[in-house]
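Trainee: dropping a prediction and its sequence here:
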Amino acid sequence: CGSAAAFTGRPSIIAAMPEMPEVEVTRRSFAERIAGARVLDLSLGAPLRWPLGCAPHALVGCTVGLTTRRGKYLWLPLQGAGGLLMHLGMSGSLAFRAGADTGPPGKHDHFDLMTTKGVLRLNDPRRFGAVVFAEREDSPEAVKLLLDGFLPRAKRDTSVVFREELADDMAAQYVLSEYR
């Protein structure tokens, strides 16, 4: 198939579809609005897939950077602390509400990041989502999550190609050592 430009003879105004459109749409819905905000508080509801990985009060005072997407994960950098790696799971959604009056968390609200610009809330009825702290986007705990699922579990230990492609990457060495 040709491009839209080749078909119509005009330049295409349709942007390329991102790999995970629902995650990209979520990122775009709040990334610019929360960037530059200072974290005032963080609250957790029922446990999610993995623990946060730090004391919630340790993130108070950090400044939120520009959120990026890595496949099915969102990376919310926090200047002076690291960042939060967020996954929506099968049923999760992130919503940012400007201002302080967002109402109390509901039954399926499991993470609230209160900032000077508003509240970022994760709602996840099935609790398959995750919010995990990492010191860097390339730290071992982040890389482990980002690469989890790269290959089916049964093939992880036997995939020569996977090991060869990642052999020179120090972060990948950590992941490989966990699956041997």
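Mentor: That came through, no problem.
Trainee: who's in contact with the longest helix seen in the chain?
Mentor: Across the chain, the longest stretch assigned as helix under DSSP state H is helix 21-34. Residues from elsewhere that reach helix 21-34 (CB atoms under 8 Å, 6 or more residues apart in numbering): 18, 64, 66-69, 71-74, 76, 88, 93-96, 98, 115, 117-118, 120. Where C-beta positions appear, they are placed from N, C-alpha and C, glycine not excepted.
Trainee: at 10 Å what do you get?
Mentor: 17-18, 20, 64-76, 86-88, 92-98, 113, 115-120 (CB atoms under 10 Å, 6 or more residues apart in numbering).
Trainee: which residue, other than its chain neighbours, is closest to the residue nearest in space to the middle of the chain?
Mentor: Geometric centre of the chain, nearest residue: L74, 2.2 Å, by CA atoms, centre = their mean. With sequence-adjacent residues excluded and distances taken as CB to CB, 6 or more residues apart in numbering, L74 is closest to M86, at 4.4 Å.
Trainee: tell me the secondary structure for that neighbour?
Mentor: strand (DSSP: H, G, I helix; E, B strand; the rest coil).
Trainee: circling back: roughly how far out does the longest helix of the chain sit from the chain middle?
Mentor: Centroid separation for helix 21-34 versus its chain: 11 Å, with CA atoms, centre = their mean, to the nearest Å.
Trainee: go on, stretch 77-95?
Mentor: With CA atoms, centre = their mean, you get 4 Å for stretch 77-95.
Trainee: what comes up buried for that stretch?
Mentor: Judged by neighbour count (16 or more other CB atoms under 10 Å), stretch 77-95 contains these buried residues: 77-78, 81-89, 92-94.
Trainee: what mean pLDDT does it have?
Mentor: Mean pLDDT, computed over stretch 77-95, is 92.
Trainee: same check on stretch 36-48?
Mentor: Averaged across stretch 36-48, pLDDT comes to 94.
Trainee: got phi/psi on L78?
Mentor: When read as degrees, to the nearest 10, the backbone of L78 gives phi -120, psi 110.
Trainee: tell me the contacts of it?
Mentor: For L78, the contacting residues are 38-39, 58-59, 61-65, 84, 113, 133, by CB under 10 Å, 6+ apart.
Trainee: what about stretch 95-103, start to end distance?
Mentor: 13 Å (CA to CA, to the nearest Å).
Trainee: can you go through the contacts of helix 21-34 and name the buried ones?
Mentor: Among the contacts of helix 21-34, those scoring as buried are 20, 64-65, 67, 69, 72-76, 86-88, 92-94, 96, 113, 115, 117-120 (criterion: 16+ other CB under 10 Å).
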